[in-house]
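Trainee: just a sequence and a predicted model for now, questions to come.
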Amino acid sequence: MANHRYDAEYPADEYEMDGVDDGMDEEFHGTDGAGSDSDVDEYGYSNNKIPDTSASLARKGRDIQGIPWHRLSITREKYRQTRLEQYKNYENIPNSGDGSGKDCKATEKDVSYYEFRRNSRSVKSTILHFQLRNLVWATSKHDVYLMSHFSVIHWSSLTCGKREVLNVSGHVAPSEKHPGSLLEGFTQTQVSTLAVKDNLLVAGGFQGELICKHLDRRGISFCSRTTYDDNAITNAVEIYVTPSGAVHFTASNNDSGIRDFDMEKYQLSKHFRFPWPVNHTSLSPDGKLLTIVGDNPEGMLVDSRSGKTVTSLHGHLDYSFASAWHPNGVTFATGNQDKTCRVWDVRNLSKSVAVLRGNLGAIRSIRFTSDGQYMAIAEPADFVHIYDVKSEYGKEQEIDFFGEISGISFSPDTESLFIGVWDRTYGSLLEYGRRRNYSYLDSLI
């Protein structure tokens, strides 16, 4: 992956929208392109001009993001078309997005699996690296954790309240003593990736930092620096529970390594190296296989105990940044900068069983519901796609909005889907709820 932060000094091609109507840009993003110090909350965002949107307001015709299209010199439809035409997908291999469309599956889109609940503007997640979008995690249908500048924020959709869980703007050091823990800690950690599962939070940084915090304890439990290599960005973290019940996490790093940490012993338990930077890793439900994707069009399936390659994955045309296993342990998916998500079956890996194409750009996040019924994939901006797995990915709900996507997360019970939207005016947290068919109750009325 590229060694760039996503900030004012790095205007990545993926985000450029040259030629968009000036009047639209002025109203959509505010008149001061650099942002204003007025009307900001404690996390530095403008929140007072545009209120939240509830499901009832959306049903009455209000835009879910509160964008006042009636006051703008462009319609939503026209702006969407302009965005589709002018958005530039970031590619490490030129023209990979153009060459990936021939095998893509045609889908039925007139379906709805998750319905809009709320757009909350008082909580907003930020993105530090333009290629890394795993910064939103739900631990229940009401509880979400996300990055907001130097803070990890907990948001309750039940109370519409937020609180700071971790602040890394200053000095952070472990309050517990464990062998191998870096007791001196870190200062001003730039968090590149995040993972939260049950009561464990792990934040990964640009210099190989790993900060581990138990949400039911005060202070920091464990700090480690995976590498002192110059190419040290922590690209992804995955928390999992072993068959014996022990809590572990894997860290994928730009130094071409993945490391497995045992959080019962607070120790590094495995370290595997690969030929190229590893951007994402996911473990099969039975714990035996690891999907490895990174700075190579070919992904790998490896033995989780030895790190030895089982097989290579052929089909993508660019670098991959996302992977996820279906709960059945038979199929898994990979997301690539060639604008596609490929679904694979471990029983026949000679080719992918489905190729699903995005609208704007790379597939940067993939999530399955815990019951295996749906798979969601996120582009870098504007679109999240939800596929019905039982239809062999032939039916798709397309969620359409405007803004960069910092992360997506289903709640463990599958009832909620949260989407982090980063935009200097319309940044927010979108919440969707699973649609249920209660028609059997109608017969009782």
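Mentor: Perfect, I can see it now.
Trainee: quick one: stretch 208-217 to chain centroid distance?
Mentor: Here stretch 208-217 shows a centroid-to-chain-centroid distance of 19 Å under the convention C-alpha atoms, centre = their mean, to the nearest Å.
Trainee: got the CA positions of it in CSV?
Mentor: Output of stretch 208-217 as CSV, limited to C-alpha atoms (Å, rounded to 0.1, in the frame of the first residue of the first chain):
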residue,chain,number,x,y,z
GLY,A,208,3.7,-0.3,13.7
GLU,A,209,2.1,0.6,17.0
LEU,A,210,-0.5,-1.7,18.6
ILE,A,211,-2.6,-0.4,21.5
CYS,A,212,-4.8,-2.8,23.2
LYS,A,213,-7.6,-1.8,25.6
HIS,A,214,-10.2,-3.8,27.4
LEU,A,215,-13.4,-1.8,27.4
ASP,A,216,-14.5,-3.1,30.8
ARG,A,217,-11.2,-2.0,32.4
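Trainee: show the average pLDDT along it.
Mentor: What stretch 208-217 shows for mean pLDDT is 97.
Trainee: contacts for that stretch next, please.
Mentor: With contact meaning C-beta atoms under 8 Å, 6 or more residues apart in numbering, stretch 208-217 is reached by 165-166, 168, 172, 186, 189, 196, 199-205, 219-229, 232-234, 237, 249, 251, 253, 255, 261, 263. Where you see a C-beta, it was placed from the backbone N, CA and C, and this is true even at glycine.
Trainee: which positions within that stretch qualify as buried?
Mentor: Residues of stretch 208-217 classed as buried: G208, E209, L210, I211, C212, K213, H214, L215 (neighbour count, 16 or more other C-beta atoms under 10 Å).
Trainee: which residues does the fourth one bridge with?
Mentor: By that I understand I211. I211 forms beta bridges with A203, C223, as assigned by DSSP bridges.
Trainee: stretch 290-298 spans what distance, first to last residue?
Mentor: 14 Å (C-alpha to C-alpha, to the nearest Å).
Trainee: and M147, bridged to which residues?
Mentor: V152.
Trainee: what about the helices in the stretch 301-445 of the chain?
Mentor: 439-442 (DSSP state H, counting those that start in this stretch).
Trainee: can you list the low-confidence ranges for it?
Mentor: 438-445 (pLDDT under 70).
Trainee: in it, which spans are strands?
Mentor: Counting by DSSP state E, counting those that start in this stretch, one finds strands in the stretch 301-445 of the chain at the ranges 309-313, 320-325, 331-336, 340-345, 354-357, 365-368, 374-378, 381-388, 396-410, 416-422, 428-434.
Trainee: may I have the fourth one as PDB, with CA atoms only?
Mentor: What follows is strand 340-345, C-alpha atoms only, in PDB (Å, rounded to 0.1, in the frame of the first residue of the first chain):
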ATOM      1  CA  THR A 340     -14.500  -5.800  -7.900                       C
ATOM      2  CA  CYS A 341     -15.200  -8.100  -5.000                       C
ATOM      3  CA  ARG A 342     -14.600 -11.800  -5.800                       C
ATOM      4  CA  VAL A 343     -16.300 -14.600  -4.000                       C
ATOM      5  CA  TRP A 344     -14.300 -17.900  -3.700                       C
ATOM      6  CA  ASP A 345     -15.100 -21.500  -2.700                       C
END
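Trainee: neighbouring strands for the helix or strand where S269 lies, and are they parallel or not?
Mentor: Following DSSP states H and E, one finds S269 within strand 267-273. Counting by DSSP bridges, the strands paired with strand 267-273 are strand 257-262 (antiparallel).
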